[in-house]
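K.L.:
The following comprises the amino acid sequence and a computationally predicted model.
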Amino acid sequence: QGKMIARNFLDQYQMDVDQDTRQFKKLCQDIMIGMQKATRVVEQWKAGDFSADVEVLFPLKDIICPKDVPRPEIRLSELIEAYLTEQKSLGLKDKVIDEYRTSCNILLEYLGNMPVSSISRMNISAFKEALEKLPKNRNKMPAYRNKTMQEILDMDIPDEDLMSLSNVKKNFRRIVTLFKFAKTQKGYIGENPAEGFKFKKTDDDESNRLPFSKDELDRLFRSEEYLKDAHKQPFQFWSPILGLFTMARQNEIAQLYLQDIKNEDGVWLIDINQAAANTSVKYKASKRKVPIHPFLLDDLNLIGYVECLKAEGEERLFPELEKGKYTYGEKISRWFCSTYRKRCGIEVPKGKYKDFHSFRKTISTRLEVKRVNDKIFKQAFGHSIENSTRGKNYLQFDPQTVLDEVIAQIDFHELIDLSHLKDSKWVVK
């Protein structure tokens with residue numbers, strides 16, 4: 001039995017070891033010893049004795065990967081392709097795969113296409129230092145776009161041009177997982193040269209994302225475009241309003257199908273899902289049904305707008321939004337951040353974010369002040385609900401409860417004057 005387990009183990013890691021060698025016989029022996037120890041521990045547990053020390057039951061480090069056993073040789077570019085192929089097979093989205101490829105290609109450009117087994121911890125330490133000196137968006141900024149990495153590293157990069165520390169850490173974490181794949185799944189290396197490096201503590205993106213103030217909301221929704229009904233496309237009128245009253249993400253709004261707006265048990269709601277082949281949600285908990293705020297129903301007649309689109313033969317709420325490289329929300333993001341927010345005079349402090357996602361931050365901040373039920377809020381917000389005895393997402397509140405306890409508590413229409421919105425050409429009378 002020890003031989004069979006040893007052969008299966010070595011086959012998994014593509015290691016060709018002669019079964020007559022001392023190392024193979026020692027591996028078989030230690031597997032059997034380990035199984036005997038494990039059997040004794042289990043028997044003690046069955047008898048109610050949990051005092052047994054559960055430690056490593058047999059030492060594999062010097063047996064499985066002895067120095068005299070050759071490892072499969074592979075170069076860095078081949079490892080990257082194998083790794084990305086594996087990630088894609090696990091169902092990662094194209095956008096995430098492209099982000100991983102970008103990080104891996106930075107490493108490839110820095111080290112060159114060297115054999116993976118030759119990459120040392122010293123190489124990775126030097127790469128970490130280089131990563132911290134690179135500019136953000138180097139392929140977009142004219143000052144760096146056509147330069148090699150070495151030419152850029154020789155430059156004196158202004159602090160405001162440098163990649164943020166959170167992005168440095170994000171890129172480096174992907175390199176750690178690349179070498180973890182090389183070690184644990186392919187057996188190309190014995191140790192992960194990228195593991196264990198430390199970085200200064202930083203705030204994550206969400207803590208750097210700011211809510212909109214009351215004054216900024218006034219600028220956004222009482223702009224010339226809203227007051228003079230000058231929005232050229234429906235999504236420009238509706239998407240910020242939906243962002244402020246539904247807690248939905250920009251892509252969740254952009255990809256909505258008309259059939260996703262429905263009435264269940266007397267409650268109108270938005271069904272956020274990925275039922276259609278070309279739709280997606282960010283997390284498993286993002287699939288949810290969000291009751292529609294009374295302001296959208298009574299003042300802006302959202303359902304009437306939906307019915308008009310259906311009568312015109314449309315299938316989606318915003319048919320003018322075509323899917324971008326990754327999602328339908330990309331056009332909203334470009335319009336809102338690059339054009340509309342700036343035109344409204346909303347300034348963003350250095351190192352902070354104020355984008356479409358800030359509507360969610362604005363709602364969560366407001367509802368935190370109002371002390372709404374946290375679990376009901378998380379369900380509507382699209383965050384997982386932790387339950388100490390039954391795990392995530394066990395609790396599901398009915399739409400009427402979510403409407404009464406959370407959605408109806410959103411009161412921005414009372415904080416700022418939005419009465420002009422109902423006169424828009426995009427609101428069905």
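P.N.:
Nice, thanks for sending it over. Keep in mind that this is a model prediction, so the values were computed, not measured.
K.L.:
Pro135 against Ile152, yeah?
P.N.:
Yes. Contact criterion Cβ atoms under 8 Å: Pro135 and Ile152 qualify, at 6.8 Å. Backbone N, C-alpha and C define where each C-beta goes, glycine included.
K.L.:
More neighbours: which of the two?
P.N.:
Between Pro135 and Ile152, counted using other Cβ atoms under 10 Å, Pro135 has the larger neighbour count: 19 against 16.
K.L.:
Quick check: bridge partners of the more buried one?
P.N.:
Leu162 (DSSP bridges).
K.L.:
from the middle of its chain, how far away would stretch 298-314 be?
P.N.:
Stretch 298-314 has its C-alpha centroid displaced from the chain centroid by 33 Å (Cα atoms, centre = their mean, to the nearest Å).
K.L.:
pLDDT-wise, which helix or strand of this structure ranks last?
P.N.:
Lowest by mean pLDDT, DSSP states H and E among the helices and strands of the chain is helix 61-64, with a mean of 44.
K.L.:
Give the next helix or strand downstream of it.
P.N.:
helix 76-89 (DSSP states H and E).
K.L.:
what helices or strands is that following helix leaning on?
P.N.:
On a contact count with 3 or more Cβ pairs under 8 Å, 6 or more residues apart in numbering; DSSP states H and E, helix 76-89 meets helix 94-111, helix 165-180.
K.L.:
right, so the ones you listed: which one is the most enclosed?
P.N.:
With neighbours defined as mean count of other Cβ atoms under 10 Å, the helices and strands packed on helix 76-89 peak in mean count at helix 165-180, which reaches a mean of 18.
K.L.:
what helices or strands is the helix or strand where Ala126 lies leaning on?
P.N.:
In this assignment (DSSP H and E), Ala126 forms part of helix 121-131. Packing partners of helix 121-131 (3+ Cβ pairs under 8 Å, 6+ apart): helix 94-111, helix 165-180.
K.L.:
ok and the first one relative to helix 76-89, angle-wise?
P.N.:
Interaxial angle, helix 94-111 versus helix 76-89 (axes from the mean of the first three to the mean of the last three Cα atoms, to 10 degrees): 170 degrees.
K.L.:
Could you list the residues in contact with helix 94-111?
P.N.:
Helix 94-111 is contacted from outside by 76-77, 80, 83-84, 87-88, 92, 119, 123, 126-127, 130-131, 134, 149, 170-171, 174-175, 178, 325-327, using Cβ atoms under 8 Å, 6 or more residues apart in numbering.
K.L.:
how many degrees apart are that helix and helix 121-131 in direction?
P.N.:
If you take the same axes, to 10 degrees, helix 94-111 sits at 110 degrees to helix 121-131.
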